[in-house]
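Enquirer: test case, fold it:
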Amino acid sequence: MATVYWDPFQNLEVVRREMERVFDQYDPVRRVFGRSLFPGTASRVYPLINLAEDKDGYYVEALVPGVAPESIEVSVLRDQLRIAGSKTAITPDIKPEAFHRNERGAGNFVRTLTLPTEVDGDLVKADYKNGVLMLTLPKHAAAKPKQIAVSVA
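Expert: As a prediction, this is how the structure comes out:
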């Protein structure tokens, strides 16, 4: 008699692939241009980010190693944050077919995030240090919580 082991993650993988297929079917951008900068990494997005919040604003840390700071474009419109740029190849004279392994992608990238509330685009601050893009996005005045005084009658 054969022993059969049940793997719950196998069923989840089937569901994930089916969901990707459904999204590819209804999203023409994903269907035409692929899912990410790096081929074969459907679940990855670039750049990887951390997003934090306090009462005054949002704080984004984006990992962009090897990207020249002057090629990075950051734009904000209401609650939409867009990070775009270009990552150049270190050795552009080597032909793609000469690589045995090529895991570090090069090319243009765009990442768009929807923030929970609107931000004040005029006060956004961007710093680049050691391959990390750090953004400070102050909340719009209308999005900040207001303290209301309670009067006793």
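
Enquirer: all contacts plus neighbour counts: C-alpha atoms, from now on.
Expert: Will do.

Enquirer: bridging residues for residue 83?
Expert: Note on residue 83: beta-bridge partners residue 74, residue 111, judged by DSSP bridges.

Enquirer: OK, contacts around it?
Expert: 72, 73, 74, 75, 110, 111, 112 (C-alpha atoms under 8 Å, 6 or more residues apart in numbering).

Enquirer: buried only: go through those for me.
Expert: Neighbour-count burial (16 or more other C-alpha atoms under 10 Å) is assigned, among the contacts of residue 83, to 72, 74, 110, 111.

Enquirer: which of those residues sits closest to residue 60?
Expert: Nearest to residue 60 among those is residue 74, at 11.5 Å by C-alpha to C-alpha.

Enquirer: so the closest one touches residue 62, yeah?
Expert: No - contact criterion C-alpha atoms under 8 Å: residue 74 and residue 62 do not qualify, at 11.2 Å.

Enquirer: excluding chain neighbours, what is closest to residue 73?
Expert: Distances taken as C-alpha to C-alpha, 6 or more residues apart in numbering place residue 84 nearest to residue 73, at 5.1 Å, with adjacent residues excluded.

Enquirer: in the chain, what helix or strand scores lowest on average pLDDT?
Expert: helix 28-33 (a mean of 49; mean pLDDT, DSSP states H and E).

Enquirer: C-terminal to that one, what's the next element?
Expert: Next helix or strand after helix 28-33 toward the C-terminus (DSSP states H and E): strand 48-53.

Enquirer: note down every partner strand of that following strand and its orientation.
Expert: Neighbouring strands of strand 48-53 in its sheet, by DSSP bridges, are strand 57-63 (antiparallel).

Enquirer: just the mean pLDDT for the partner strand, thanks.
Expert: The average pLDDT for strand 57-63 rounds to 96.

Enquirer: from here on, call the first residue 11.
Expert: I'll keep to 11 as the first residue from here, and by that count the last item is strand 67-73.

Enquirer: and it, how far from the chain's centre?
Expert: Averaging C-alpha positions (C-alpha atoms, centre = their mean, to the nearest Å) puts strand 67-73 11 Å from its chain's average.

Enquirer: and the contacts of it?
Expert: Counting by C-alpha under 8 Å, 6+ apart, 57-63, 129, 141-149 sit against strand 67-73.

Enquirer: tally of neighbours for residue 144?
Expert: For residue 144, the count of nearby residues is 18 (other C-alpha atoms under 10 Å).
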